[in-house]
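Engineer: sequence first, then the predicted structure, then my questions.
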Amino acid sequence: MRRSPLYDYHLAAGAKMIDFGGWSMPLVYRGITEEHHHTRQKVSVFDVSHMGRYRLDGDDAEALLQKVCTREVGDTSVNQSKYTHICNERGGIIDDVIVGRHADHWTMVCNASNRETIGRWLTEHGAGHGVEISDETFDTAMLAIQGPGAVTHVETTFSVKLQPLKRFWFLDGEIMGMKYTIYRSGYTGEDGVEAVIPGGAVGLVLPMLMDPDAGDDALCKLAGLGARDTLRLEAAMPLYGHELSEDFDSLTAGQAWCVALDKEFIGAEPMRKVLAEGLRRKLVGFELDGRRIGRQGHPILKEGRPVGEITSGTMSPTLQKSIAMGYLDIDLTEPGAEVSIDLGRKLNAAKVVPLPFYKRPNA
């Protein structure tokens, strides 16, 4: 397995490590629920260095992105980033990515498990054109600093102004002679930033964010991928391999807002057909009765008839309810619709609810 530049730091902090997309990454330090609540209330730092990071240079970089991305990227301003999908010729989702426009190049952040696939896809469709594609994953590290106090904490620690930065905008800067990029974005439902830093420097930068003498009262603490998953699920953010895959198109996945069907891109025509014929299934949210949890692959039934499948589920630490997302037949997707989830030993009553399950105050 590959290792983050912070691997030894995680071990020293008592992290339980797991294989995530071929990387040895921290699942949990103190407890998933404790780390979840700390993120909602204060500031947490997540090591997300496993995510793929590409740089695209050349006059035709924008044209390549227009071809492979579902979203319109031609109107992207310098220092602006956009969430988009990359789809196959059938409209199935290869990955969900973030693209950013810098003054003289573009960047793309993708999922760890799809890094090589995305690299091949970009190379294949950029072949013969003026695009240079560089994989910067192993030369850099990436930290997600998330929580209601995250932006102020980063500003104070590194003497950088972030408050004027709108969500999905970023800035390039330098600290201690090291270049960095800070994005106003995240995957927790909270405010915060994601910082790309030289891999050799992140071991110096991370301790600057932590207060080793504050103990349990520390403002900023480490959090693992376990809490990141429960946080993103409460915020109804899709996860590749669960809500998103090549089995589903972006419209069925409830992500029509990041699809521009008035432009040509790989997978556009099949999605136009889906739109014309109407969705057959749709990604929705569920609340389950009781405290049992719906897991990926659990069948959804209506009067004994299969009508869908769960993609993700958890006991929400914030809401203290069993929540899940899943694909459901379109005629049952109105909030309040009642279904049953086959949990294996028994059927569990559930109802369709609006997404997201959680939205931060004053968002």
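Structural biologist: Sure thing, it's come through.

Engineer: compute the first-to-last residue distance for stretch 68-85.
Structural biologist: Start-to-end span of stretch 68-85 (Cα to Cα, to the nearest Å) is 8 Å.

Engineer: now do the domain split for this structure, please.
Structural biologist: As assigned by automatic domain parsing, the chain contains the domains 2-51+138-234, 52-135, 280-353.

Engineer: for the stretch 201-350 of the chain, give me the ranges with low pLDDT.
Structural biologist: Under the criterion pLDDT under 70, no range of the stretch 201-350 of the chain is flagged.

Engineer: mind doing that once more with 90?
Structural biologist: When residues are selected by pLDDT under 90, those of the stretch 201-350 of the chain lie in 211-216, 345.

Engineer: closest to K263 out of the domains of the chain?
Structural biologist: Proximity to K263 (Cβ to Cβ) singles out domain 52-135 among the domains of the chain, at 6.0 Å. For the C-beta atoms, the positions are set from N, CA and C on the backbone; glycine is no exception.

Engineer: how far does the closest one sit from its chain's centre?
Structural biologist: Relative to the mean C-alpha coordinate of its chain, domain 52-135 is positioned 16 Å out (Cα atoms, centre = their mean, to the nearest Å).

Engineer: same thing with stretch 336-354?
Structural biologist: For stretch 336-354, the separation from the chain centroid amounts to 26 Å (computed by Cα atoms, centre = their mean).

Engineer: count the neighbours of the closest residue to I330 other than its chain neighbours for me.
Structural biologist: Counting by Cβ to Cβ, 6 or more residues apart in numbering, I330 lies nearest to L279, which is 5.1 Å off, once chain neighbours are set aside. When neighbours are defined as other Cβ atoms under 10 Å, L279 has 16 of them.

Engineer: and for D342?
Structural biologist: Should you count by other Cβ under 10 Å, D342 turns out to have 17 residues around it.

Engineer: how about I118?
Structural biologist: If you count neighbours by other Cβ under 10 Å, I118 ends up with 22.

Engineer: wait, is T157 part of a strand?
Structural biologist: No. Using DSSP: H, G, I helix; E, B strand; the rest coil, the assignment for T157 is helix, not a strand.

Engineer: and L231, its phi and psi?
Structural biologist: Phi and psi for L231, reported as degrees, to the nearest 10, are phi -70, psi -50.

Engineer: what does the one 4 residues further on give?
Structural biologist: Its backbone dihedrals place A235 at phi -90, psi 0, with angles given as degrees, to the nearest 10.

Engineer: which parts of the stretch 1-150 of the chain are helices?
Structural biologist: Taking DSSP state H, counting those that start in this stretch as the test, the helices found in the stretch 1-150 of the chain are 7-12, 32-41, 61-68, 115-126, 150-158.

Engineer: tell me what the second one is packed against?
Structural biologist: Think helix 32-41. The elements that helix 32-41 packs onto, with contact taken as 3 or more Cβ pairs under 8 Å, 6 or more residues apart in numbering; DSSP states H and E, are strand 220-222, helix 225-234.

Engineer: tell me what the first one is packed against?
Structural biologist: Meaning strand 220-222. Under the contact criterion of 3+ Cβ pairs under 8 Å, 6+ apart, the helices and strands touching strand 220-222 comprise helix 32-41, strand 43-47.

Engineer: hmm, I323 and S316 touching each other?
Structural biologist: Yes. S316 is within contact range of I323, at 4.9 Å (criterion: Cβ atoms under 8 Å).
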